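A.B. asks: no sequence for this one, just the structure:
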């Protein structure tokens, strides 16, 4: 079946603009994660959705970042008033509940000029 | 706060050499996962270790989970250029949220 997909694959924007990143998880996966990965660095946790529970937003770096998920399907990560330090690859992952294997999408490379 | 500390951060060795990378924590984990991320792609799961003292082999890769389930190691025998990548360990949070926590990774470069 299809894996996790993310769009766009690349996004170049100007400082101060808003951007919206999309993640389509694997069907049936209840858990969905967003991570940020700066060049040459590890994964920085942003937000976690698990079923119908309230999302864990503890990793969001500022109130310019927000994310939504509709049920157990698509998720969008929105960054308002982008800054140059927001430039990174944004990775989405989904898993079938709890501690199961996370399946990652290819990421969206965001460049803020 | 639960943390997974990975060492070394960077490792560059010649093809054919052996190496070991580590994932350590002061907290007990019910399981640990190892992922490998190649440039331009998302991480991919290599293995999950669940039982203290467990050893799992995946071709030239040997994974070990510490007896106390606080640490894990990955040993690669006769490293090849295809082993190059970022190796990440991850484990479930002790909190009720079941969130997975990642270490910062070991960036491995195998020189041909």
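C.D. replies: Happy to help now that I have it. Small disclaimer: the values here were computed from a predicted structure and weren't measured.

A.B. asks: which ones are touching residue 12?
C.D. replies: You didn't say which chain, so I picked chain A. A:111, A:113 (C-beta atoms under 8 Å, 6 or more residues apart in numbering or on different chains). Any C-beta I mention is one placed from the backbone N, CA and C, and that applies to glycine too.

A.B. asks: Let me rephrase: I mean chain B.
C.D. replies: B:108, B:109, B:110, B:111.

A.B. asks: now the first one: how far from residue A:103?
C.D. replies: In this structure, residue B:108 and residue A:103 are separated by 22 Å, where distance is defined by C-beta to C-beta, to the nearest Å.

A.B. asks: low-confidence ranges in chain A?
C.D. replies: A:1, A:98-99 (pLDDT under 70).

A.B. asks: let's see 90
C.D. replies: Where chain A drops to pLDDT under 90, the residues are A:1-2, A:28, A:39-42, A:50-54, A:70-73, A:96-101.

A.B. asks: where does it come near chain B, residue by residue?
C.D. replies: Of all the residues in chain A, those in contact range of chain B (C-beta under 8 Å from any C-beta of the partner chain) are A:4, A:31, A:33, A:35, A:40-43, A:45, A:48, A:50, A:53, A:56, A:91, A:93, A:95, A:98-99, A:101-102, A:104-107.

A.B. asks: out of these, which are buried?
C.D. replies: If you count burial by 16 or more other C-beta atoms under 10 Å in any protein chain shown, the buried members of those come out as A:4, A:31, A:33, A:35, A:42-43, A:45, A:48, A:50, A:56, A:91, A:93, A:95, A:99, A:101-102, A:104-107.

A.B. asks: out of those, which are inside strands?
C.D. replies: Cross-referencing those against strands under DSSP state E gives A:31, A:33, A:35, A:45, A:48, A:50, A:91, A:93, A:95, A:104.

A.B. asks: Looking at the residues you listed, spot the one nearest residue A:8.
C.D. replies: residue A:91 (13.9 Å; C-beta to C-beta).

A.B. asks: right, and the closest one touches residue A:34 too?
C.D. replies: Yes: using C-beta atoms under 8 Å, residue A:91 is in contact with residue A:34, at 7.4 Å.

A.B. asks: quick one: common contacting residues for these two?
C.D. replies: Listed contacts common to residue A:91 and residue A:34 are nil; contacts here mean C-beta under 8 Å, 6+ apart.

A.B. asks: Pull out the buried residues from the top strand by length along chain B.
C.D. replies: For chain B, the strand with the greatest residue count under DSSP E is strand B:85-92. By 16+ other C-beta under 10 Å, the buried positions in strand B:85-92 come out as B:85, B:86, B:87, B:88, B:89, B:90, B:91, B:92.

A.B. asks: swap in stretch A:82-99?
C.D. replies: Applying a neighbour-count criterion of 16+ other C-beta under 10 Å, one finds A:82, A:86, A:87, A:88, A:89, A:90, A:91, A:92, A:93, A:94, A:95, A:99 buried in stretch A:82-99.

A.B. asks: Before I go, just wanted to say thanks for your time.
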